[in-house]
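S.K.: structure here, sequence nowhere to be found:
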Ligand code: S3P
């Protein structure tokens, strides 16, 4: 079992980079594999989640040459995938298994998709049901509610679907299936979830229209799309989030994170942290692969509790574990509501974050759809947490959030079960140490 020991007492100082965006990397691998010709995907995320999606496409007959710097993907065209000889293992990745299920529903071959223990607990009915409405033939445990999923490729028809959940994984699974379906699919969601798939469709020139809140996709395009000489993946805002909060709550910190994606459907944490009093600047704004990018400079600041309601849930969805760390040391109460989706992430994040931060002295009350955090701070300074022996519950974002929480403790904190950090941010510990040892 791997563990991480965090020794507090020093500010975070210096300039760092974070891994390529995990969500964008999954999509880049899939859409370049369906393109005509070779594409290069640079600065991609080398976390296990994305490597599993890369291996899945290799198993589906796509040649992908892998180096640390870039993937060279030999696209096979829209109809070029071939039947894999064994089950596809998506590891820990909800994005991987859900997007691939959508992609494979309309092929003319059979596939089995599975993943680790956490993936086999997570809800799949949310994609299986609408895909079945399109004519997909998908079997799975509990009537298709749970993986493994066995997909017998079928001729799909377009769907008009209003998703009950604001979920980019549902939306993207259906957008991919819609490409292989007959007719025009129309998709809506209750609130806008991350729009990387839509942006990447546009980047590749894949037909997609937006009419108000509805996305329209024409199935079976007569001409496909071409590979691109280079697609540079922006840095992952969700990885940067740990250092945005870390630099804010550790006194004397000043950190710049270079080349970070600031797509507004992802940066709810910036809005929340700014309203809590954080000192954050977005510098050198530019665009990369149809996505807005900036360097983010963060200096330490005193925080004040805040209310986070349903509108801010989709753009903040992966940042609640680390936001709770900020809330725990802020002055006053932070109330998070409308966030029941947190219960079906890599872990039940309402339960795991509450349990672990409480063990560090935080005052958190669980609610069915969120939590109430009574911050330990005063008007003069942010509060401190206590050293503890924590555990990740197999959830990478819980592991990294506890590491940042440990920076405010009075003695070293040990976090167990940290191998899961590999799923998204293999260099997390090294990057944190870089900031802790930098001297100006
Ligand atoms: C993701 C969508 C979100 C997010 C996940 C990545 C994606 O999940 O939590 O980490 O890449 O589409 P939901 O779509 O289930 O909200």
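M.R.: Thanks, I have the structure now. A quick note: this is a predicted structure, and the numbers were derived from the prediction, not measured.

S.K.: which bits of the chain sit near the ligand?
M.R.: 23, 94, 95, 167, 168, 169, 172, 193, 194, 317, 318, 341 (Cβ under 6 Å from any ligand atom). Every residue, glycine included, has its C-beta placed from N, CA and C.

S.K.: tell me who's in contact with the first one.
M.R.: Remark: with contacts taken as Cβ atoms under 8 Å, 6 or more residues apart in numbering, residue 23 is in contact with 95, 168, 194, 196, 236.

S.K.: pLDDT value on the second one, please?
M.R.: If I follow you right, that is residue 168. Looking at residue 168, its pLDDT reads 98.

S.K.: can you redo the contacts of residue 23 as TSV with neighbour count and distance to residue 57?
M.R.: Listed next are those as TSV, based on neighbours: other Cβ atoms under 10 Å; distance: Cβ to Cβ, whole Å:
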residue	neighbour count	distance to residue 57
95	21	14
168	25	19
194	26	21
196	27	17
236	24	20
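
S.K.: how about those residues, which pair is most distant?
M.R.: Spatially, the most separated pair among these is 168 and 236, at 14.3 Å (Cβ to Cβ).

S.K.: so which of the contacts of residue 23 belong to helices?
M.R.: With DSSP state H as the criterion, helices contain 95, 168, 196 from among those.

S.K.: all strands for the stretch 1-150 of the chain, in order.
M.R.: 3-6, 13-17, 36-42, 63-66, 70-76, 88-89, 110-114, 137-140, 146-152 (DSSP state E, counting those that start in this stretch).

S.K.: what mean pLDDT does the fourth one get?
M.R.: Going back to what we said before, that points to strand 63-66. 98.

S.K.: now do that strand: which elements does it pack against?
M.R.: The helices and strands touching strand 63-66, judged by 3 or more Cβ pairs under 8 Å, 6 or more residues apart in numbering; DSSP states H and E, are helix 48-59, strand 70-76.

S.K.: TSV for the ones you listed, including mean neighbour count?
M.R.: Below are the helices and strands packed on strand 63-66 laid out as TSV (neighbours: other Cβ atoms under 10 Å):
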stretch	mean neighbour count
helix 48-59	23
strand 70-76	21
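
S.K.: and residue 240, which of the strands of the stretch 1-150 of the chain is closest to it?
M.R.: So among those, strand 13-17 is nearest, using Cβ to Cβ, at 8.8 Å.

S.K.: state the helix or strand in which the residue lying farthest from the centre of the chain lies.
M.R.: In the chain, counting by Cα atoms, centre = their mean, residue 380 sits farthest out from the average C-alpha position, at 34.7 Å. Under DSSP states H and E, no helix or strand contains residue 380.

S.K.: who's in contact with it?
M.R.: Counted by Cβ under 8 Å, 6+ apart, residue 380 has contacts residue 302.

S.K.: from residue 251, how far out is it?
M.R.: Look at residue 380 and residue 251: by Cβ to Cβ, to the nearest Å, they are 11 Å apart.

S.K.: measure stretch 113-123 end to end?
M.R.: Start-to-end span of stretch 113-123 (Cα to Cα, to the nearest Å) is 14 Å.

S.K.: which residues touch it?
M.R.: Residues contacting stretch 113-123 (Cβ under 8 Å, 6+ apart): 87-94, 96-97, 100-101, 104, 141, 145-149, 151, 344, 346-347, 394-395.

S.K.: and the chain, what are its domain boundaries?
M.R.: 3-20+234-437, 22-231 (automatic domain parsing).

S.K.: and the closest residue to residue 375 other than its chain neighbours, how many neighbours?
M.R.: Closest residue in space to residue 375, ignoring its immediate chain neighbours: residue 330 at 3.8 Å, by Cβ to Cβ, 6 or more residues apart in numbering. A count of neighbours around residue 330, defined by other Cβ atoms under 10 Å, yields 26.

S.K.: contacts only, for residue 330.
M.R.: Contacts of residue 330 by Cβ under 8 Å, 6+ apart are 276, 303, 304, 305, 306, 373, 375, 377, 382, 383.

S.K.: can you check residue 181 too?
M.R.: 106, 134, 135, 156, 157, 158, 159, 219, 220.

S.K.: same check, this time on residue 272
M.R.: 306, 308, 312, 316, 323 are the contacts of residue 272 under Cβ under 8 Å, 6+ apart.

S.K.: sec struct for it, please.
M.R.: Following DSSP: H, G, I helix; E, B strand; the rest coil, residue 272 is assigned to helix.

S.K.: same check on residue 259?
M.R.: Residue 259 is classified as strand under three-state DSSP.

S.K.: what sits against the closest residue to it other than its chain neighbours?
M.R.: Of all residues not flanking residue 259 in the chain, residue 235 sits nearest, at 4.7 Å (Cβ to Cβ, 6+ apart). Residue 235 is in contact with 17, 18, 19, 20, 21, 43, 257, 258, 259, 260, 261, 293, counting by Cβ under 8 Å, 6+ apart.

S.K.: for the nearest residue to residue 437 once chain neighbours are set aside, give me phi and psi.
M.R.: Spatial nearest neighbour of residue 437, excluding adjacent residues (Cβ to Cβ, 6+ apart): residue 10 at 8.0 Å. In terms of degrees, to the nearest 10, the main-chain angles of residue 10 are phi -120, psi 150.

S.K.: ok, residue 10 - contacts?
M.R.: Contacts of residue 10 (Cβ under 8 Å, 6+ apart): 250, 436, 437.
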